[in-house]
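[1] What follows is a predicted structure for the sequence shown.
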Amino acid sequence: MATTSSMFMYSLTIQPPTSVTQAILGQFAGTKEQQIVTASGSRLTIHRPDPTQGKVSTILSQDVFGIIRTLAAFRLAGSNKDFIIIGSDSGRITIIEYLPAQNRFNRLHLETFGKSGIRRVIPGQYLAVDPKGRACLIASAEKNKLVYVLNRNAQAELTISSPLEAHKPQTLVFALVGLDVGYENPIFAVLEVDYTECDQDPTGQAFEEVEKSLVYYELDLGLNHVVRKWSDPVDRTASMLLQVPGGTDGPSGVLVCGLDNVTYRHSNQDAFRVPIPRRRGVTENPERKRCITAGVMHRMRGAFFFLLQSEDGDLFKVTIDMIEDDSGQPTGEVKKLKIKYFDTVPIASNLCILKSGFLFVASETGNHHFYQFEKLGDDDNEAEYDSDSFPADPTEPYTPVYFHPRPSENVNLVESIDSMNPQLDCKVANLTDEDAPQIYSICGSGARSSFRTLKHGLEVNDIVDSELPSVPAAVWTTKITRNDEFDAYIVLSFDNGTLVLSIGETVEEVTDTGFLSSASTLAVQQLGEDALIQVHPKGIRHIRADRRVNEWPVPQHRSIVAATTNERQVAVALSSGEIVYFEMDSDGSLAEYDEKREMSGTVTCLSLGEVPEGRVRSQFLAVGCDDSTVRILSLDPDSTLENKSVQALTSAPSALSIMAMPDSTSGGSTLYLHIGLYSGVYLRTVLDEITGELSDTRTRFLGPKPAKLFRVSVKGEPAVLALSSRSWLGYSDPQTKNFMLTPLSYVPLEWGSNFSSEQCTEGMVGIQGQNLRIFSIEKLGSNLLQESIPLTYTPRKFVRHPEHPLFYTVESENNTLSIATKEQLLNDKTVVNGDGVRLPPDEFGYPRAQGHWASCIHVVDPVTAKATLQQIDLTDNEAATTMAAVSFASQSDETFLVVGTGKDVTVSPRSSSAGFIYIYRFLEDGKELEFIHKTKTEQPPSALLAFQGRLVAGIGTELRIYDLGLKQLLRKCQAQVVPNLIVGLQTQGSRIIVSDVQESIIYVVYKQQENRLIPFVDDVVARWTTCTTMVDYETVAGGDKFGNLWLLRCPQKASEEADEDGSGAHLVHERQYLQGAPNRLALMCHFFPQDIPTSMQKTQLVAGGRDVLVWTGLQGTLGILVPFVSREDVDFFQTLEQHLRGEEAPLAGRDHLIYRSYYVPVKGMIDGDLCERYSLLANDKKQMIAGELDRSVREIERKISDMRTRVAY
Amino acid sequence: MADKLRTQQQLEQLQARYVGTGHADTTKFEWASNIHRDSLASYIGHPPLLAYMSLGMGEPKEKVRAMFLERMIQPVGKPPAVED
């Protein structure tokens, strides 16, 4: 097989795609609460909207390793749980349920109906269910429709029938919806076009007269077959159907949404039609017709309404009036259809209305929004239009209706969920001089586009920040009795004293607590039922509930250097190296053990674990000595302070913590010893609960300062706060239970402790310099923090300033009025008052106009100002396409910003009236741009690059080298190197890598001597390249429009020949191979990650990590490719992957290997996302795979986690 | 002869089941229409590809989807006149 390669990469997703293909609503957990299930790329995610807090949180996200195209929720009659049907590219229908107890998806049915892949006639494009959950229809774009009957058996399990065919050849399906017919035979409404006639008629008349029809397919449950029951022509432009409630709730039927109109249709009712109101305003074209792009029906207490969204994002409320009988009851016969403007929200791919009064807008681009309904637009002054005034016949003319868009009145934004979709370009750079680089990316479209900074870290919620009289050394919190819910005291230790603060409504100093205030403190602990312990250098102070104090003094000439406590035990280390151990008696007093133990070196730190439930003591004491060892001592009464095990370290330990944490390997909780070293390294070792053996050590570097460790609690789970030059939190991932170590996005702390009060039940208290800080960590789900700077138009490309931490973006927006035209219209004297209202474009979008472009260049400062500094608008219908920062040798190496633009650009078919290259000079350290001159080109430049002190530009099919002149650019050299259009340029030395929009990559060499550009290698496969980067001098990594990632390498010989000295005569005269370049590129690696790669970069992501290839996808994916170093690792992961393919078969029924080989067989690539699912397997499966691989489960998990943590997050 | 008939039947069955299966007399128009329809169905079916194109055109996805479906009705223009 061609899957072997001399080069292997490990593909990992750092951030899954955030675009939502579809969102559905249902009671998936079987409770009254509604959840939202979204499909993004190959990921199925279940979200829980919290109505009390107005927040949406992710419960579970799973990669199904298949392209999810449609989702539908359904419920069997009498059940209270919704199931999910997935229409994917697997050629199979999948029905799954969500199991809340195990927090996983469970597949119930998987029925094959056709070939895999996304094809014209394989169902999966459309999916509709009967509202009563009795049947579903899955259809393809053309011809095929399959009906499955859903039922339950005697055991109340869901059953699925064999498919019933409802095919109609040469028929295109535009929309599909299940009709609400109560308990009559299920009916599906389909919007169809039959093109048979068009294909036969050479006059074109049939095409002109082709009809779109609304067809009802009825499933006869008695006869078990499907009939085409009713068909009627509808508006030719119709493209969407919405279900109208039937039975007792409404008239049944559908809403047919077409261009500029919405029509109510049903087989036994008249048609009713309303127009879609158009926006009124000076910048709006009154002739522009809108169509509906999204809609939702909501029913409540017998009533129902629709919210339809037009392409501008305006929501319209549509209601249906029914004829009432004598007693005032609706008869089920429609009287009229009404429409009115509701509010404006971002353009949605799906709208979901929750019963709790929220609206979830799965935005097509940019952040998803979660709104709360304030009212339903029932009694406002918005004009309402009804069907009485408009003809029902779609061909009859009518007067259009208008409305004035206004700020939202009915819905109120409560949460904006970060989404990087679409992500157009990305750069990894370290601009803030932190130890790890940041990710800078441009994403979004239109007025909702943004420049985002991503940082690895956890979001911290700062609660208190107060300055103290002097610099404290340490801080603890303590309860007074064991049964207290909240902490009562904050104890601060200073160099020469101790300060006790009481926690209440206010935090104030207290003096009558029994704590010794004249000495510093080493440990504070609530002991037994109601006593307190203070360990200070000269003794242990035991404060009983009645304020009696028992003091254990340190033997003469010694002091306590380290102490550790838990609720029943105390251990201290003396300056002499002795360890003294105490345990609480039954009467609550501390008893000293006779056994003492002298350590060989000075003790630097100690740790006792928590007392396990139902036990009287923690079994082990960990002792760290300055001879770079950690010893585990037994605390068993029979073998007190006897050695159990030893671990040698690379440096002296500075902190220890024995802690039980949830663990994915055992599935339960495992005892760990966390070790912090003076060198700033953090280690985590498994501590055997019986033998005290230490095993499976994992290491991470925290920072150059000695590490300190503190036991804290986050989201009810134990976590470890690790402090070095940065603050880190070690916790178990809420979903996978894998151990994560993530820096806090917070000031570096010197000491920390748990904190719990009425106001903040789960917080932490820390010391930073002279300040006391109280903070909490709310979200453990995402470890990438985002900051966003709004941009004006859809960003296309961006570059970094060569020295300063600044970025420059080019943005352009198609079919949009430019600022100049807009201003001209707005300032027109004839404007009627009120029409000139300016609405914020980020909510309402820009005024649109066919063929117009709006475009600008921005200077972005993401570090200090966190804003855009300068905006340069382009005029004359020009649109910026690309840019580069180029230093020109002829201008004594001064760097200029070069921007390529196109005039009157049409995207498809590609055309333009001219192109320009603008030159800007950097002023004030790059904060401002000064226009120098522009050069006209026959086509818009589509790629620019600095090359040997000059500019190389891709203009159409031509590659040109320009030098900077006084009045314009001077053309120095040109060559036609690609067949279609140059979309990307990369360079090293005198080699230029040119990517073509359609024909992969061509290597070109520039021969200085002859001033010639000579292509010498090209590719055998037509790759529709989107992005490329040079991995080394011979190798290029890139991505294409169909969502592939690949690495190509130039043959060694060809590469050397190209660089031979002298003229390029031998290259020019070399014989062409099959009408291409003389040589061909070799494919090294190939992979299908599903998302379209938009940028690629070879860089490192963590401090001290190896170089990886970071790629970003259009849908917001962030991924990395990690090169393998050893062949053994490759073999190991290949076998693991193979086992996982069998044991953990993808949820939607797509074969994993075939999925990753979607267009080209996967080569030289291991799917890390699949490997990481190992930790989620059931224990017996893990054991089985581990057995096959001849390794332990822990070893395998460690290998998998190392692959990620060594190079990324 | 029976063999030939069977082959013929099998081919017809294939053509009925798999749209676009060619035959000896496939015209350029039929072939091109089929290819274009396949491509357009693929653009609609792959969510990232549809998003990519809608972004390029500056139109909402739903509009682009409807546009592509409309184009599938007659993707390569009028069929050529049949010569007798």
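    On my side now, so go ahead. Numbers count the residues shown, from 1 in each chain, chains lettered A, B, ... in the order given.
[2] can we go C-alpha only for contacts and neighbour counts from here?
    OK.
[3] How about residues contacting the lengthiest helix in chain B?
    Ranked by residue count under DSSP state H, the longest helix found in chain B is helix B:28-45. For helix B:28-45, the external contacting residues (C-alpha atoms under 8 Å, 6 or more residues apart in numbering or on different chains) are A:69, A:118-120, A:125, A:141, B:20, B:22, B:49-50, B:65, B:68-69, B:71-72, B:74-76, B:79-80.
[4] In helices only, show me these.
    The helices, defined by DSSP H, take in B:L49, B:L50, B:R65, B:F68, B:L69, B:R71, B:M72 from the contacts of helix B:28-45.
[5] Tell me, how many residues neighbour the residue lying closest to the first one once chain neighbours are set aside?
    Spelled out, it's B:L49. Of all residues not flanking B:L49 in the chain, B:Y43 sits nearest, at 5.7 Å (C-alpha to C-alpha, 6 or more residues apart in numbering or on different chains). B:Y43: 23 surrounding residues under other C-alpha atoms under 10 Å in any protein chain shown.
[6] Might you report the residue contacts of whichever residue of the stretch 1-150 of chain A sits closest to chain B?
    For the stretch 1-150 of chain A and chain B, the shortest gap (C-alpha to the nearest C-alpha) falls at A:R120, measuring 5.2 Å. Contacts for A:R120 (C-alpha under 8 Å, 6+ apart) come out as A:S140, A:A141, A:E142, B:R37, B:D38, B:A41, B:S42.
[7] tell me, which helix in chain A spans the most residues?
    Ranked by residue count under DSSP H, the longest helix found in chain A is helix A:1127-1143.
[8] Low-confidence ranges, chain A, go.
    The model of chain A has pLDDT under 70 over residues A:1-4, A:829-836.
[9] could you redo the last one with a cut-off of 50?
    Along chain A, segments meeting pLDDT under 50 span A:1-2.
[10] In the stretch 651-800 of chain A, what residue lies closest to chain B?
    Nearest to chain B in the stretch 651-800 of chain A, going by C-alpha to the nearest C-alpha, is A:T794, at a distance of 8.7 Å.
[11] Give me the neighbour count for the residue nearest to that residue when sequence neighbours are not counted.
    Leaving aside its chain neighbours, A:T794 sits nearest to A:S445 (4.3 Å; criterion: C-alpha to C-alpha, 6+ apart). By other C-alpha under 10 Å, 26 other residues sit near A:S445.
[12] so who does A:S445 touch?
    Applying C-alpha under 8 Å, 6+ apart, the residues near A:S445 are A:T365, A:G366, A:P422, A:Y793, A:T794, A:P795, B:L55.
[13] Please apply the same query to A:V464.
    A:L772, A:R773, A:I774, A:F775.
[14] thinking the last one is in contact with A:S466, fair?
    Spelled out, that is A:F775. No: in this structure A:F775 lies outside contact range of A:S466 using C-alpha atoms under 8 Å: 11.9 Å.
[15] list the helices and strands the longest helix of chain A packs on?
    Under the contact definition 3 or more C-alpha pairs under 8 Å, 6 or more residues apart in numbering or on different chains; DSSP states H and E, helix A:1127-1143 sits against strand A:1165-1167, helix A:1168-1171, helix A:1179-1189.
[16] Distance from the chain centre to that helix, please.
    The chain centre lies 27 Å from the centre of helix A:1127-1143; the measure is C-alpha atoms, centre = their mean, to the nearest Å.
[17] neighbouring contacts of that helix?
    For helix A:1127-1143, with C-alpha under 8 Å, 6+ apart as the criterion, the contacting residues are A:8, A:1124, A:1151-1153, A:1166-1167, A:1170-1171, A:1174, A:1181, A:1185, A:1189.
[18] Buried among those? Need that as a selection in ChimeraX.
    Per 16 or more other C-alpha atoms under 10 Å in any protein chain shown, the buried members of those correspond to this ChimeraX selection:
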select /A:8,1124,1151,1152,1166,1167,1170,1171,1174,1181,1185,1189
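[19] What is the lowest-mean-pLDDT helix or strand in chain B packed up against?
    In chain B, the helix or strand scored least confidently by mean pLDDT, DSSP states H and E is helix B:2-17, which has a mean of 86. Using 3+ C-alpha pairs under 8 Å, 6+ apart, no helix or strand is in contact with helix B:2-17.
[20] In JSON lines: the helices and strands packed on helix A:1127-1143, plus distance to chain B.
    As requested, the helices and strands packed on helix A:1127-1143 are exported to JSON lines (distance: least, C-alpha to the nearest C-alpha, whole Å):
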{"stretch": "strand A:1165-1167", "distance to chain B": "20"}
{"stretch": "helix A:1168-1171", "distance to chain B": "20"}
{"stretch": "helix A:1179-1189", "distance to chain B": "34"}
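[21] got CSV for these, with distance to A:L241 too?
    Listed next are the helices and strands packed on helix A:1127-1143 as CSV, based on distance: least, C-alpha to C-alpha, whole Å:
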stretch, distance to A:L241
strand A:1165-1167, 40
helix A:1168-1171, 37
helix A:1179-1189, 46
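[22] ok, A:R711 - contacts?
    A:S657, A:M659, A:P718, A:A719, A:V720, A:L721, A:S753, A:N754.
[23] So which of the residues you listed belong to strands?
    Those of these mapping onto strands are A:S657, A:M659, A:P718, A:A719, A:V720, A:L721, A:S753, A:N754, per DSSP state E.
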